[in-house]
Every structure is written in C-alpha cells, then in structure tokens.
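[1] coordinates only, sequence not included:
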Ligand SMILES: Cc1ncc(C[n+]2csc(CCOP(=O)(O)OP(=O)(O)O)c2C)c(N)n1
C-alpha cells in the first residue's frame, strides 16, 4: 500500500472499502453500517494522503494519531488498518466473532496498533487532546485526528474537551464531526439539535471549517488548512450521508445498527461495483 494524493485513486479506495464494510457486517450479522459508510472518505483521505504513519513501525513516536471516537464505526477503521497491513485482511470477516481481533468496537488489547480503545462515546476528543499536548511537550511533529459522531456530540465531555483544546491552543489537533444528521434511533434535529454547530466550535476558539464530507478534494484542502493554522485547534464539520453509497441505506435510520441481509448485501455490492 502506498500513499497518494490522486483523487481518482482515493475514490477507488473508498469504493473498495465500502464493499468491505458491507461484506464484513453482513458476515457478522450485526454491526453499524450507516455510520461506517458515512466516514469512509474522511478515513481514506487521512490514512492514504494526510497522515504520517508507517505500518512497519506502528509505534513510531513521530507518527500522526487517528482516534475513532465514534468507535461503533469500527469496520471503516478495520478496513484501513487491514489494507495498510497493520492487521490481517483475511480475517476481516471474523468481525464481532468470539476471539476475533476485530471486536465490535476498537480494542487495543486485540490490536496494539490502535491509538485508543473507543466505543464509549464522548471520550475520544479528550484522548486526542492528551496525545496532542504530549507531542508538543516532546517537541514532536505529530498531529492527532479525532472523528466524532453528531449524536456523540450531545455528550458533555465533548464540550469540556472543546473548551480545554481551544483555551490551550492545541493546534496540532483536528476534530472531524461526521455530521450525518442521524443518531441511534432517529434524526439528530428531532432528538436534540446541535445547531448552530459551527458557531459553537468557533465560540470555543477552534478554527472551524464546514465541508462536504464525501468530497476528497475538500477534505484534502481542509486538512492542509488545519496544518497551516497556528494557535488554534481545527474543527471540521463534515456534512455526510449516513449509509453513503448504498441507496437503501442512505439517510435511513434503520441502518444505524442493523446488518444487511445476504440479499441486501448482494444489492449493495452491485451498487458499489
Ligand atoms: C456513552 C455511550 N452511550 C451510548 C452508546 C450507545 N450508542 C452507540 S452508537 C450511538 C449513536 C451514535 O450516534 P452518532 O454519534 O451520530 O453516530 P453515527 O450516526 O455517526 O453512527 C449510541 C447512543 C455508546 N456507545 N456510548
């Protein structure tokens, strides 16, 4: 696997990862397809283009760090780790099986290359802040990228971390909100709206960028802008579609936490060909 900034290549990788996500969750018979599919371009742009990392040296001290705070979207992270050779690709279809390294949520006990075990929502931004501040104290070039859910953003701990990160000027940290507008059992706006979300991050002293979270060029530009931004952490509000790429999953709250059937998998794979 090699890094690339070529948008067509990155889009092809994204499509392949979408197929892998659908297959592994179908084999598992349970899991979270919607929020895995919405975050594909974010994860692909980071792992294939933006982040400094080295699978032959997973604990390279100067590496950039990725934290999937919305840990239930583990399949998208597992695909990236497996494609890069951190973990075996041949075992992706053991997702959620007893003894598999691919547990329902990312678990460092099974995958030491993970930066954090996540799944208890609300914690990842705090972890990212600690990691980013430690890198600064050690004068290392590492940057940290934390992917948050919009439903997750209803957690109080996110805003405590946001306040701290803005005040302490943690400018080697980027929070990406996967704003797919659906949480566990419905639409965020019906349950508890986050709006005005970008203004909230700005008020906490974060450099804030809104974009289409499925646009790889927009993500590339935003990550570059974040790196140029000094004295503030960056929040990227990524407008996405839950279930992106599979017509009957798109914007459908049912596919938050329900696996496709065999028949649905076939239809999904046909669409993703
Ligand atoms: C602290 C905590 N409370 C509840 C849950 C159960 N849970 C799993 S996913 C989820 C909804 C998350 O919604 P969102 O952040 O919007 O994720 P996405 O739509 O991107 O999948 C909830 C409540 C959890 N994992 N952790």
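    Perfect, thanks for sending it. If you're wondering where the values come from, they're calculated on a predicted model, not measured in any experiment.

[2] Assign a three-state SS to the nearest residue to residue 29 once chain neighbours are set aside, would you?
    Excluding the flanking residues, the one nearest residue 29 by C-beta to C-beta, 6 or more residues apart in numbering is residue 259, at 5.3 Å. C-beta here means a position set from N, CA and C on the backbone, and glycine is covered the same way. Following DSSP: H, G, I helix; E, B strand; the rest coil, we place residue 259 in the coil state.

[3] What distance do you get for residue 259 to residue 166?
    39 Å (C-beta to C-beta, to the nearest Å).

[4] So residue 159 belongs to a strand, correct?
    No: going by three-state DSSP, the assignment for residue 159 is helix, not a strand.

[5] That one: neighbouring residues, count only.
    16 (other C-beta atoms under 10 Å).

[6] Smallest gap between the stretch 101-250 of the chain and the ligand, at which residue?
    residue 149 (1.9 Å; C-beta to the nearest ligand atom).

[7] and the closest residue to that residue other than its chain neighbours, what pLDDT?
    In space, and not counting its chain neighbours, residue 149 is closest to residue 70: 3.7 Å by C-beta to C-beta, 6+ apart. pLDDT recorded at residue 70 is 98.

[8] from what I can see residue 164 touches residue 128, true?
    No: the pair residue 164 / residue 128 is not scored as a contact, 10.9 Å apart, by C-beta atoms under 8 Å.

[9] more neighbours, those two?
    residue 128 (30 against 17).

[10] Let me know how buried the residue nearest to residue 149 is, in neighbour terms.
    With other C-beta under 10 Å as criterion, residue 70 counts 30.

[11] distance of it from the ligand?
    Per C-beta to the nearest ligand atom, to the nearest Å, residue 70 is found 5 Å from the ligand.

[12] Check residue 30 too.
    On the measure of C-beta to the nearest ligand atom, residue 30 and the ligand end up 12 Å apart.

[13] With residue 17 instead?
    Separation of residue 17 from the ligand (C-beta to the nearest ligand atom): 16 Å.

[14] How about that residue: what's its closest non-neighbour residue?
    Spatial nearest neighbour of residue 17, excluding adjacent residues (C-beta to C-beta, 6+ apart): residue 79 at 4.6 Å.

[15] quick one: average pLDDT of the one helix or strand the one you found maps to?
    Applying DSSP states H and E as the criterion places residue 79 in helix 74-83. In this model, helix 74-83 has a mean pLDDT of 98.

[16] Could you show which parts of the stretch 101-250 of the chain are in contact with the ligand?
    By C-beta under 6 Å from any ligand atom, the part of the stretch 101-250 of the chain that sits against the ligand consists of 119-122, 149-152, 178, 180, 182-184, 242.

[17] Would you mind checking those residues for buried ones?
    Buried members of these, scored by 16 or more other C-beta atoms under 10 Å, are 119, 121-122, 149-152, 178, 180, 182-183, 242.

[18] Most widely separated two among those?
    122 and 242 (19.4 Å; C-beta to C-beta).

[19] can you map out the strands along this structure?
    Using DSSP state E, the strands of the chain run over residues 65-68, 144-149, 173-179, 182-183, 186-187, 207-212, 234-239.

[20] For those, give me JSON lines that also has distance to residue 75.
    Converted to JSON lines, these look like this (distance: least, C-beta to C-beta, whole Å):
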{"stretch": "strand 65-68", "distance to residue 75": "10"}
{"stretch": "strand 144-149", "distance to residue 75": "13"}
{"stretch": "strand 173-179", "distance to residue 75": "14"}
{"stretch": "strand 182-183", "distance to residue 75": "17"}
{"stretch": "strand 186-187", "distance to residue 75": "22"}
{"stretch": "strand 207-212", "distance to residue 75": "22"}
{"stretch": "strand 234-239", "distance to residue 75": "18"}
